[in-house]
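Could you work out the structure for the sequence below:
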Amino acid sequence: GSWLARGAGEPPAEPGGDAGRVLARLRERGASFFDDLLRDCGLLRTRLEEALGELVALGLVTSDGFSGLRALITPAARRRVVARRRSTGAAFGMETAGRFTVLEPGEDDGERAAGIAWALLRRWGVVFRRLLDREAGLPPWIDLLRVLRRLEARGEIRGGRFVEGFGGEQFALPEAVGALRERRRTAADGSLVSVSAADPLNLVGLVTPGRRIPAIAVNRVLYRDGVPVAVREGGEVRILVEAGAAERWELENALVKRAVPAAVRAYLGTAG
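Numbering: from 1, shown residues only. The predicted model follows:
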């Protein structure tokens, strides 16, 4: 997504009010924990959270971990529910965000491309040009290619042909290569996985055949052994493979059912 990089030549707007005060404090004293900002900025907790949320949205501030960023976009009532369920072991809240740090504009383009290349490698495991067609705000492919070739020459990543059917150079993390080999040796078990079309795993029309499914949260894609077999788009279910009546019912049922892992239920405060 566009969070990977700011558009070239687009400096972020300077905020005012509470956000401006927090930004000035971070620039003056450096990376800080939430409690330090709470003490030094003289703001109420809710106002500090709103200020940090504004700074994160502007691309001016980041944190050591994702938990604080999740807390910023989670309603306060939901956070209170989660707080009462600490026994679930869910790491949640501003206190677990680590330090907040300023992201200053004007960083070196080479360093920026290197950071984005590593982010893409960690997201996908394997990176090639076609896979990035849906990403917004990335540097030109040639800039990323220079970084990836340099990482391969240093032995930090692998180059080769990891995904069939796509031309051009491909690069992968060593652990991703091992996972792909292990998957190839594993017999298909027919497992079904349903994801929102807004999930990065919606690769229909990019890596797998078929037309693209709009990345809207209510749309869904159903995979069987990694192959898309059904989609729900605009409230309509389409089966992408030949299937009898019984199999169609099974696929439609799996497509609309949303199985939520226990860890996610705990995070959302719905574990009972």
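
Go through the chain and flag its longest strand.
When the chain is parsed with DSSP state E, its longest strand is strand 227-233.

Would you mark the buried spots in whichever helix or strand comes after that one?
Downstream of strand 227-233, the next assigned helix or strand under DSSP states H and E is strand 236-239. Within strand 236-239, no residue is scored as buried using 16 or more other Cβ atoms under 10 Å. The way it works is simple: take the backbone N, C-alpha and C, and place the C-beta from them, glycine included.

After strand 236-239, which helix or strand is next? Please name it.
helix 245-256.

what are the ranges of the helices in the chain?
Ranges of helices in the chain, per DSSP state H, are 17-29, 34-41, 45-57, 67-72, 76-83, 109-124, 141-153, 174-185, 245-256, 262-268.

In this structure, where is pLDDT below threshold?
Within the chain, the set of residues satisfying pLDDT under 70 comprises 1-13, 65-93, 95-97, 104-109, 257-272.

The helices of the chain: which one's closest to Leu103?
helix 45-57 (9.2 Å; Cβ to Cβ).

which helices and strands sit right next to the closest one?
helix 17-29, helix 34-41, strand 61-63, helix 67-72 (3 or more Cβ pairs under 8 Å, 6 or more residues apart in numbering; DSSP states H and E).

Now do the buried residues in it.
So, applying 16+ other Cβ under 10 Å, buried residues of helix 45-57: Arg47, Leu48, Glu49, Glu50, Ala51, Leu52, Gly53, Glu54, Leu55, Val56.

Out of these, name the two that are farthest from one another.
It's Arg47 and Val56 that sit farthest apart of those, by Cβ to Cβ, at 15.0 Å.

So which of the helices and strands packed on helix 45-57 is nearest Leu144?
Per Cβ to Cβ, nearest to Leu144 of the helices and strands packed on helix 45-57: strand 61-63, 20.9 Å.

Tell me which residues are up against the closest one.
22-23, 26, 52, 55-56, 69, 97-103 (Cβ atoms under 8 Å, 6 or more residues apart in numbering).

What of stretch 121-136?
Residues contacting stretch 121-136 (Cβ under 8 Å, 6+ apart): 1-2, 4, 117, 120, 138, 141, 144, 148, 157, 162-163, 166, 168-173, 175-176, 179-180, 200, 203, 206-207, 215.

quick one: terminal-to-terminal distance for that stretch?
For stretch 121-136, the first-to-last residue distance is 16 Å (Cα to Cα, to the nearest Å).

ok so, going back, closest one to Val195 among the helices and strands packed on helix 45-57?
helix 67-72 (18.8 Å).

ok, back up a step: can you put the helices and strands packed on helix 45-57 in JSON lines and add distance to Val193?
JSON lines is the format used below for the helices and strands packed on helix 45-57 (distance: least, Cβ to Cβ, whole Å):
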{"stretch": "helix 17-29", "distance to Val193": "40"}
{"stretch": "helix 34-41", "distance to Val193": "36"}
{"stretch": "strand 61-63", "distance to Val193": "30"}
{"stretch": "helix 67-72", "distance to Val193": "23"}
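
can you put the ones you listed in CSV and add mean neighbour count and distance to Val127?
Formatted as CSV, these follow (neighbours: other Cβ atoms under 10 Å; distance: least, Cβ to Cβ, whole Å):
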stretch, mean neighbour count, distance to Val127
helix 17-29, 17, 32
helix 34-41, 16, 34
strand 61-63, 20, 22
helix 67-72, 20, 24
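
between these, which one is nearest to Glu252?
helix 67-72 (31.8 Å).

list the contacts for the closest residue to Arg27 other than its chain neighbours?
Closest residue in space to Arg27, ignoring its immediate chain neighbours: Val102 at 5.6 Å, by Cβ to Cβ, 6 or more residues apart in numbering. By Cβ under 8 Å, 6+ apart, Val102 lies in contact with Leu23, Leu26, Arg27, Leu60, Val61.

from the contacts of strand 61-63, which single one is nearest Ala254?
Leu69 (31.1 Å).

Was I right to think Arg161 contacts Glu169?
No. Applying Cβ atoms under 8 Å, one finds Arg161 not in contact with Glu169, separated by 9.2 Å.
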